[in-house]
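>>> Fold the following and give me the result.
(4 chains, ligands or ions: 4)
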Number of protein chains: 2
Amino acid sequence: MEQENFHFSDHNHENCKSAIIKTAEKRCEENGVRFTRQRRMVLEILAESHQAIGAYDILERFKPNAKSRTAPVTIYRALDFLIENNLAHRLSSLNAFVACSTTHNGLDAQFLVCKKCQYVAELSTNSLHKAIHKEAESAEFTVTSPMIEIRGICSTCKKS
Amino acid sequence: MEQENFHFSDHNHENCKSAIIKTAEKRCEENGVRFTRQRRMVLEILAESHQAIGAYDILERFKPNAKSRTAPVTIYRALDFLIENNLAHRLSSLNAFVACSTTHNGLDAQFLVCKKCQYVAELSTNSLHKAIHKEAESAEFTVTSPMIEIRGICSTCKKS
DNA sequence: AATGAAATGTTATTATGTTACATAAACATT
DNA sequence: AATGTTTATGTAACATAATAACATTTCATT
Ligand SMILES: [Zn+2]
Ligand SMILES: [Zn+2]
Ligand SMILES: [Zn+2]
Ligand SMILES: [Zn+2]
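Numbering: from 1, shown residues only, chains lettered A, B, ... in the order given. Ligands and ions are numbered 1, 2, ... in the order given. Take a look at the predicted model:
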C-alpha cells in the first residue's frame, strides 16, 4: 500500500481493496469488536476508490445490496464504527469519508485533497506530526485529534 | 493582538474587537469593496469572542438589530464576503466561524480548537506552513487552501 | 434622471447529521 | 436449553447547515 504519487497510478487497486478488508478483519479480531455485514459493506463501498464519498452517496450504493430498507442512520452508525477503529476517516472539509489506506503507527493522519478530481491521498508523516505537536505544545495545548486536510491540485490535474 | 496563551488571558478584548473592525475598514477600502452595515454587524458578532460560532447562532444575535426579518442566506452571504477578504475563517470541523485575529503575511492559518470550552486560537506560523508545503511538494501536490484544525484541550481546561 | 452593477429580501429547497424508541441478534451464565 | 445482558439493527421523525432561484433595492456613474 505504498503510494508513489497522488493518483496512486502504479498501484493495483484490487490488491489495495482486499488489503483494506483484511486489515479490518484483523483489527476487529484484535480489538474484540464485530465486523458485521453492514460495516463490511460500508467499508467496501469506501474502498472502491480513493475519492471521498458522502454518507448519502454511500447510502445509495448500499441500498441495492441491503436486506431491507436502509436509513441514513445505518450508514452513520457503520461509519462511526469504522472511524472509531481507525478503518476510515472523515474529511470535514468535504463532509465525506474515505477508507484508511495507511498504517499510522501512532502518528496522526494528514490528507491531500484534490479540489478538481476529489482524490484523497492519506499521509502519516513524522515531520508534519512533529511540527503540529511542537506548535501546540508551545501554546500549552494538548492535541487529541488534528484535522489536517490540505486542499489543492494534484499533479495529474495540474498537467491537464 | 499578540497572544501568549490559548485563552488570551492577558489581552484586552475591547482593543481586540476594535482592532478587528479597523482592520476590516482598512482592508475593504484597499480592496475597493464595500463594508456594509450587515457585513459589519456579522463581523462584530464574530469578534465578540474567540469562540467559533455557527451561522444560525450568528443569525439569532443578528436579528435584534436587523432592520427587517433576516434569513440564513443573509448571514451566509456576509460570511462569504468576510472569508473572501480574509476577515473571517470557517472551521470545517465545527461548521462554525471566527473573526480573523492575526496578520497572515502570506502564510496559511492554523487553528487550535479546544473541544471543551470551544475557544479558538489562530496561528500563522512559518514552521507549520513550511512543513505542510514541503510534504505536499514531495507528492507533487499544489497547495491552495490547507485546512489545519488542531483539536484538543487548552491549558485552562486541562487544569480544571 | 437613466443606467448598470452590487447588495439585499423572500421563499423554498436540498444536504447533512441526530434522537428516540422498538426489535432482533449475539453472547454469557446458569 | 432457558435466562438475562449487551450489542447491533430497524424505523420514523427531527434537527441543523447550507444553497437555489428570483424579485427588489441601493449605490455609483453617466
Ligand atoms: Zn488503491
Ligand atoms: Zn488512516
Ligand atoms: Zn480578543
Ligand atoms: Zn486569519
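
>>> Give the bridge partners for the nearest residue to A:Gly54 once chain neighbours are set aside, please.
The spatial neighbour of A:Gly54 that comes closest, neighbours along the chain excluded (Cβ to Cβ, 6 or more residues apart in numbering or on different chains), is A:Ala96 at 4.8 Å. All C-beta atoms are positioned from the backbone trio N, CA, C, and that covers glycine. Residues in a beta bridge with A:Ala96, per DSSP bridges, are A:Leu91.

>>> pLDDT at A:Ala96, what is it?
You'll see A:Ala96 listed with a pLDDT of 98.

>>> Looks like it contacts A:Tyr56 (just checking).
No - the pair A:Ala96 and A:Tyr56 does not pass the contact test of Cβ atoms under 8 Å, sitting 10.1 Å apart.

>>> Look up which helix or strand A:Arg27 falls in, please.
Per DSSP states H and E, A:Arg27 falls inside helix A:13-31.

>>> A:Ala55: neighbour count?
Using other Cβ atoms under 10 Å in any protein chain shown, the number of residues around A:Ala55 comes to 19.

>>> contacting residues for it?
A:72, A:75-76, A:79, A:95-97 (Cβ atoms under 8 Å, 6 or more residues apart in numbering or on different chains).

>>> Next: A:Cys114.
A:Cys114 makes contacts with A:6, A:120, A:152-154, A:157, B:141, as judged by Cβ under 8 Å, 6+ apart.

>>> Closest residue of chain A to ligand 3?
For chain A, the residue closest to ligand 3 is A:Ala139, as judged by Cβ to the ion, at 15.2 Å.

>>> Phi first, then psi, for that residue.
Main-chain torsions, A:Ala139, degrees, to the nearest 10: phi -100, psi 10.

>>> and what of A:Ala88?
A:Ala88 has phi and psi values of phi -150, psi 170 when expressed as degrees, to the nearest 10.

>>> where does chain A have low pLDDT?
Applying pLDDT under 70 to chain A flags residues A:1-9.

>>> From the contacts of A:Cys114, which land in strands?
With DSSP state E as the criterion, strands contain A:120, A:152-153 from among the contacts of A:Cys114.

>>> Could you give the number of residues near A:Leu123?
23.

>>> any idea how far A:Val98 is from the closest residue to A:Lys116 other than its chain neighbours?
What sits nearest to A:Lys116 in space, not counting adjacent residues and going by Cβ to Cβ, 6+ apart, is A:Cys157, at 4.2 Å. Relative to A:Val98, A:Cys157 is positioned 18 Å away (Cβ to Cβ, to the nearest Å).

>>> ditto for A:His89
From A:His89 to A:Val98 the distance is 6 Å (Cβ to Cβ).

>>> Common neighbours of the two, please.
In contact with both A:His89 and A:Val98: A:111, A:122, using Cβ under 8 Å, 6+ apart.

>>> rewinding a little: need the contacts of A:Ala55 in JSON lines with distance to A:Val113 and neighbour count, can you?
Output for these, formatted as JSON lines (distance: Cβ to Cβ, whole Å; neighbours: other Cβ atoms under 10 Å in any protein chain shown):
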{"residue": "A:Pro72", "distance to A:Val113": "23", "neighbour count": "11"}
{"residue": "A:Ile75", "distance to A:Val113": "21", "neighbour count": "24"}
{"residue": "A:Tyr76", "distance to A:Val113": "21", "neighbour count": "15"}
{"residue": "A:Leu79", "distance to A:Val113": "18", "neighbour count": "21"}
{"residue": "A:Asn95", "distance to A:Val113": "12", "neighbour count": "13"}
{"residue": "A:Ala96", "distance to A:Val113": "9", "neighbour count": "20"}
{"residue": "A:Phe97", "distance to A:Val113": "12", "neighbour count": "24"}
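
>>> closest to B:Arg27 among those residues?
A:Asn95 (29.9 Å; Cβ to Cβ).

>>> That closest one and A:Gly54 touch, don't they?
Yes - using Cβ under 8 Å, A:Asn95 is in contact with A:Gly54, at 6.1 Å.

>>> A:Gly54 and ligand 2, how far apart?
18 Å (Cβ to the ion, to the nearest Å).

>>> what sits against that residue?
By Cβ under 8 Å, 6+ apart, the contact set of A:Gly54 is A:94-97.
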